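In: Model the structure of this input:
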Amino acid sequence: MMLDPDDATMYSNRSLCSLRMGDGDKALVDANECRKMRPDWPTACYRQGAALMLLKDYKGACESCLDGLKLDRANTEIEDALRKAYDAMQDVSKHQG
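Out: Residues are numbered from 1 along each chain as shown. Down below sits the predicted model:
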């Protein structure tokens, strides 16, 4: 089976696999590639946000999820991810300051 290197869905799915294996760096590389290919796809933003959450880059995760919500305002999965990223960012701020 040949893989299409220009298939954003393949990068999205591989990012999800890396997320589930706990490899945030690989997940982010694939999510970034997916987002480059399809910047108007909410799932690409969501994958990027999830990878950034795993890497504890909560501000970046918030930005990615917010981008996804701008593309699909009714997406409750992205909305929940944004809320979790925002809460995590607030928790870190409380413990640092």
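In: Okay, now the unreliable bits of this protein?
Out: Where the chain drops to pLDDT under 70, the residues are 1-3, 5, 97.
In: how about 50 then?
Out: 1 (pLDDT under 50).
In: SS state for residue 40?
Out: Here residue 40 is coil, with the state taken from DSSP: H, G, I helix; E, B strand; the rest coil.
In: same question, residue 74
Out: Three-state call for residue 74 (three-state DSSP): coil.
In: Let me see the ranges of the helices in the chain.
Out: 8-20, 24-37, 42-54, 58-71, 76-96 (DSSP state H).
In: right, so the ones you listed: which one is the most enclosed?
Out: Among the helices of the chain, helix 42-54 has the highest mean neighbour count (mean count of other CB atoms under 10 Å), at a mean of 25. Any C-beta I mention is one placed from the backbone N, CA and C, and that applies to glycine too.
In: and the closest residue to residue 84 other than its chain neighbours, what does it touch?
Out: Distance criterion CB to CB, 6 or more residues apart in numbering; nearest residue to residue 84, sequence neighbours excluded, is residue 53 at 7.0 Å. Residues near residue 53 by CB atoms under 8 Å, 6 or more residues apart in numbering: 61, 81, 84, 85, 88.
In: now swap in residue 59 and tell me
Out: Neighbours of residue 59 in contact, by CB under 8 Å, 6+ apart: residue 89.
In: closest to residue 7 among the contacts of residue 53?
Out: Distances from residue 7 to the contacts of residue 53, taken as CB to CB, are shortest for residue 81 (23.5 Å).
In: my read: the closest one touches residue 65, true?
Out: Yes. Contact criterion CB atoms under 8 Å: residue 81 and residue 65 qualify, at 5.0 Å.
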